[in-house]
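> okay, sequence plus prediction incoming.
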There are 2 protein chains.
Amino acid sequence: MWDNVSAVQVRRYIWPTMNDVTTFARKNERRLLNELRAFLTIPSISTTPAHDRDCRRAAEWLAEHLRHLGCPTVELLSSDTHPVVWAKGPRVPGRPNVLVYGHYDVQPPDPLDEWESPPFQPTIRGNNIYARGATDDKGQVFSIVKAFEAVANGGRPPINVAFLIEGQEESGSGVLFDLLAKRRDLVDVDAVLVADMPYYAPGWPAIEVGLRGLCYAEITVRTLKSDLHSGLYGGVAPNAHEALVHTLANLKAPSGRIKIPGLYEAVARPSTKERDAWAKLPFSEHKFRTGEVGSKALTGLQRYSPLERIWGLPTLDIHGIMGGFTGEGAKTVIPAAATAKVSLRLVPNQKAKTVLRQLAKAAKAAAPPFADVKVEFIHGADPVVLDVTAPPFALIAQAFREVEGREPVPIRSGGSIPVVPALGAGGAPVVMAGIGLPDDRLHAPNEKIGVDQYLKGVRVFGRFFQLMGDLK
Amino acid sequence: MWDNVSAVQVRRYIWPTMNDVTTFARKNERRLLNELRAFLTIPSISTTPAHDRDCRRAAEWLAEHLRHLGCPTVELLSSDTHPVVWAKGPRVPGRPNVLVYGHYDVQPPDPLDEWESPPFQPTIRGNNIYARGATDDKGQVFSIVKAFEAVANGGRPPINVAFLIEGQEESGSGVLFDLLAKRRDLVDVDAVLVADMPYYAPGWPAIEVGLRGLCYAEITVRTLKSDLHSGLYGGVAPNAHEALVHTLANLKAPSGRIKIPGLYEAVARPSTKERDAWAKLPFSEHKFRTGEVGSKALTGLQRYSPLERIWGLPTLDIHGIMGGFTGEGAKTVIPAAATAKVSLRLVPNQKAKTVLRQLAKAAKAAAPPFADVKVEFIHGADPVVLDVTAPPFALIAQAFREVEGREPVPIRSGGSIPVVPALGAGGAPVVMAGIGLPDDRLHAPNEKIGVDQYLKGVRVFGRFFQLMGDLK
């Protein structure tokens, strides 16, 4: 897959070699861990305004750190509460420019009671650091920051590195989108590096060829002017939760087929070549189901492989249902209104805006006639497929080969990074290759990152910077 | 219906006449309202432990008030947090004994933002007092307390009155059930008076012939060991909310038919005579739907009349759905578990315990095979049908006739008062006749009681006490 590495012209340099970044990581292990833990203590949850100040604090912490590493330019851009951290390393004339993207914001930690250690008190157990954001994305982006430190070479790094680290990846990237629309110069680089994704499996590094998109919405169903007593009106008054339940049940069959008219029409199946590559990946459905997923069955369209269901097909998930009475004890209310948070993951060539329209129309058609239905867009992202023939893909592959002893495998991600298309808008190849592991439990309780993986990240990305510096 | 009043032997007495209770209510109107408002300010919500102290406070307030009215015996029984207020008026030898049942606890006020005035700051607007508990049941039971004051006659009331006012009607009546199981003497009386229900319509007083029962439960569906990320696992990981949605959709058809095997088998239809009486009641489906219910349609089994659907048929309602992410913004979680609060209203001859078993079995059968289903009982009540030929029914009918100028109509209630069977266990007729109105919005925002209705209650129940005193 990455054999165009042979086509890359490499020149010898005085920059640190593979051994140097490895030595750096080994010698500084304790400090590297402590610095990451300090970053992880900040509860920079971007999905709720209650944590606006914490997001600001995380941005300031990161900016200060990058200044400390010798970046002559460090700025907080575009927002008081969720600024984009923008930093440039020392200028190295004639060398390629690499832009590093990442995010310092994290998901909410609930349900809190399922955490074995508090989500914002990073705790090492076994070979892992447990904390919200450990893998998504603080741990991963910080391993690149430390890789930059490893190759910084007393203010003369092998390459021009810039950092663009945002605080709204988990809540729509609004500030960064606005910034990139105005500042096309920021993405006018030779490569973009994104490490917000896992290995394919332990020992199996991966390069992302595609990302699913997202269409997150709230479906609200109203059946009554106001809540009623189920004794006095039960039997005649339409219950909003019941109407919502039938609406949602009509939107997706138990088989996993999404019953939104037109939804599958835009779906482009992965090429036979890509599916053949997936088929060669080590994958035990039993181990995946019992170990990673933890369920009695894998659901979804059974005529496609599990990997294709996650990487190459759209899905519809319900995230939560609001309304009525959910407190302790009993309240015999007939709810007047009920809201479901739902999202669809999208694949090439679906468009988030089109899917929103299709969802809204389908939800209205799926609801009982006596229910008023409103569909509100929360946020979204279009799906991405990359052309991975450019030299930086070969160089990250070489870095992984040197550190991990194995060729990275070409995969897609079922997740979404909404801003990726905008990062590539300057024509630079977007290299998506992370050092998390599939069982890192991002967005879930007990999120973690492997201590080894974090240190491997320092080495892999350091080596990538070195190799990119050698690129003619 | 109530013509056996002619069979009641009445003797003349020196007790106040109809004019006396009317005069009392008119002369003391302002004070009667202020006292009720003081009672309504106490947020005695029994469904959540956060308000335990308020429940205690409401009980103490009521006990103090009954002492002040000259009750020689006033006790708080059986619980520190939700005691039963037990009071006896002055002993009047040779006179019948009437036991007054009511409750001082109230439903939670949420959703708070739909109240036009704060739920525990009783506010008079137009001819109504708005507050949580205004009609259910503080306003109604307090009108009986004031009726007792009206006929108290300087310590020589026309009758032996006892009060049994509990603090857990909205949360299962556990304390009172235990008390009544031990103290059968409490219900060894000549009549029980319960005013926890409305008129049939404004100007149309009613006597309750039956109550629906209740089976309140939580259905929990689990599909995963823990929450997962919908990007990384969406398409293969079973979503607990989706499984719950399909389970609930399978339990009740959009037609309103409850799909719980065996559920309808025990249902005894009301007699033709009773249904004929219902058919004669003034009822405009259009007005009921648009005014009271506030919906685009009346749901449920269309081959039965709306009144029969509410009074004579079981129903299943969803009250709320818990789990996943319901905060502000977006979290792309696949929930591992989801719980629905549901309840069935029951009719003769269903039994709450049998229905719980049927529900549990049906929920398990209705869920997808990969979901673990748990059904937890919250509380319940068996349905009630009364024989209304005993003299006290004729006397309450006479009291209503005198005050309202109209014969009360025989109706049932769709609601449940779990403790009613235990109140009648001593063989006393349980007279259920209240002075609320159907649009009082009990259990909902902006609950109210009409000022007129409250004062009519003082007169009707005062007159009832007088007439009962005349009973040989």
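Here it is on my side, so go on.
> buried sites along the helix ranked longest in chain A?
As assigned by DSSP state H, the longest helix anywhere in chain A is helix A:451-470. Across helix A:451-470, burial judged by 16 or more other CB atoms under 10 Å in any protein chain shown covers A:451, A:453-470. Bear in mind the C-beta positions are built from the backbone N, C-alpha and C, glycine included.
> could you do stretch A:95-113 as well?
Quick answer for stretch A:95-113 (16+ other CB under 10 Å): A:95-111.
> filtering those by proximity to chain B, which remain?
The residues of the buried residues of stretch A:95-113 that also fall near chain B, by CB under 8 Å from any CB of the partner chain, are A:107, A:108, A:110, A:111.
> surely the first one is in contact with residue A:441?
No. Applying CB atoms under 8 Å as the test, residue A:107 and residue A:441 come out as separate, 10.7 Å apart.
> where along the stretch 51-200 of chain A do the helices fall?
A:52-68, A:138-151, A:174-182 (DSSP state H, counting those that start in this stretch).
> and those as a markdown table, adding distance to residue A:342, mean neighbour count and mean pLDDT?
What follows is the helices of the stretch 51-200 of chain A, written out as a markdown table (distance: least, CB to CB, whole Å; neighbours: other CB atoms under 10 Å in any protein chain shown; pLDDT from 0 to 100):
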| stretch | distance to residue A:342 | mean neighbour count | mean pLDDT |
| --- | --- | --- | --- |
| helix A:52-68 | 26 | 19 | 98 |
| helix A:138-151 | 28 | 27 | 98 |
| helix A:174-182 | 21 | 17 | 94 |
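> CSV for those, including distance to residue A:312?
Listed next are the helices of the stretch 51-200 of chain A as CSV, based on distance: least, CB to CB, whole Å:
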stretch, distance to residue A:312
helix A:52-68, 34
helix A:138-151, 24
helix A:174-182, 26
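> now tabulate the ones you listed in JSON lines and tack on distance to chain B.
Converted to JSON lines, the helices of the stretch 51-200 of chain A look like this (distance: least, CB to the nearest CB, whole Å):
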{"stretch": "helix A:52-68", "distance to chain B": "12"}
{"stretch": "helix A:138-151", "distance to chain B": "14"}
{"stretch": "helix A:174-182", "distance to chain B": "12"}
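> counting contacts, what elements does the worst-scoring helix or strand of chain A on mean pLDDT pack onto?
Taking mean pLDDT, DSSP states H and E as the measure, helix A:18-27 is the helix or strand of chain A with the lowest mean score, a mean of 88. In terms of contacts (3 or more CB pairs under 8 Å, 6 or more residues apart in numbering or on different chains; DSSP states H and E), helix A:18-27 is packed against helix A:138-151, helix A:391-404, helix A:451-470.
> tell me the angle of the longest one relative to helix A:391-404?
So the one you mean is helix A:451-470. On the basis of axes from the mean of the first three to the mean of the last three CA atoms, to 10 degrees, helix A:451-470 is oriented at 140 degrees to helix A:391-404.
> who's in contact with residue A:101?
Listed by CB atoms under 8 Å, 6 or more residues apart in numbering or on different chains, the contact partners of residue A:101 are A:164, A:165, A:166, A:192, A:193, A:194, A:196, A:419, A:423.
> is it bridged to anything, and to what?
residue A:164, residue A:194 (DSSP bridges).
> measure residue A:88 to chain B for me?
Remark: distance between residue A:88 and chain B (CB to the nearest CB, to the nearest Å) = 31 Å.
> please name the residues that touch that residue.
Residue A:88 neighbours (CB under 8 Å, 6+ apart): A:71, A:72, A:73, A:74, A:160, A:161, A:162, A:163.
> in a markdown table, list those along with pLDDT.
Putting the contacts of residue A:88 into a markdown table (pLDDT from 0 to 100) gives the following:
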| residue | pLDDT |
| --- | --- |
| A:71 | 97 |
| A:72 | 96 |
| A:73 | 97 |
| A:74 | 98 |
| A:160 | 97 |
| A:161 | 98 |
| A:162 | 98 |
| A:163 | 98 |
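> and the residues you listed, which two are the farthest apart?
Pairwise distances across those (CB to CB) peak at 15.1 Å, for the pair A:74 and A:160.
> so which of the two has more stuff around it?
residue A:160 (22 against 18; other CB atoms under 10 Å in any protein chain shown).
> any bit of stretch A:441-450 sitting next to chain B?
Yes. Contact between stretch A:441-450 and chain B is present through A:441, A:442, A:443, A:444, A:445, A:446 (criterion: CB under 8 Å from any CB).
> and that stretch, end to end?
12 Å (CA to CA, to the nearest Å).
> which SSE is the residue with the largest distance to the centre of chain A in?
Distance from the C-alpha centroid of chain A, by CA atoms, centre = their mean, peaks at residue A:232 (48.6 Å). Assigned by DSSP states H and E, residue A:232 belongs to helix A:230-233.
> for that helix, packing partners?
Using 3+ CB pairs under 8 Å, 6+ apart: helix A:230-233 touches strand A:333-334, strand B:315-322, strand B:337-346.
> give the other helices and strands that the second one contacts.
For strand B:315-322, the helices and strands in contact under the criterion 3+ CB pairs under 8 Å, 6+ apart are helix A:230-233, helix A:240-251, strand A:333-334, helix B:240-251, strand B:337-346.
> export those as JSON lines, with columns for distance to residue B:80 and mean pLDDT.
Converted to JSON lines, the helices and strands packed on strand B:315-322 look like this (distance: least, CB to CB, whole Å; pLDDT from 0 to 100):
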{"stretch": "helix A:230-233", "distance to residue B:80": "29", "mean pLDDT": "92"}
{"stretch": "helix A:240-251", "distance to residue B:80": "36", "mean pLDDT": "98"}
{"stretch": "strand A:333-334", "distance to residue B:80": "29", "mean pLDDT": "95"}
{"stretch": "helix B:240-251", "distance to residue B:80": "37", "mean pLDDT": "98"}
{"stretch": "strand B:337-346", "distance to residue B:80": "27", "mean pLDDT": "98"}
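> out of those, which gets nearest to residue A:364?
helix A:240-251 (8.9 Å).
> what about the helix or strand that the closest one is followed by and chain B, touching?
Sequence order places helix A:272-279 as the next helix or strand after helix A:240-251, per DSSP H and E. No. Using CB under 8 Å from any CB, helix A:272-279 never reaches chain B; the gap is at least 13.7 Å.
> just stretch A:356-369 next, same as before
Yes. Counting by CB under 8 Å from any CB, chain B has neighbours in stretch A:356-369: A:368, A:369.
> list the buried ones in that stretch?
A:356, A:358, A:359, A:360, A:362, A:363, A:364, A:366, A:367, A:368.
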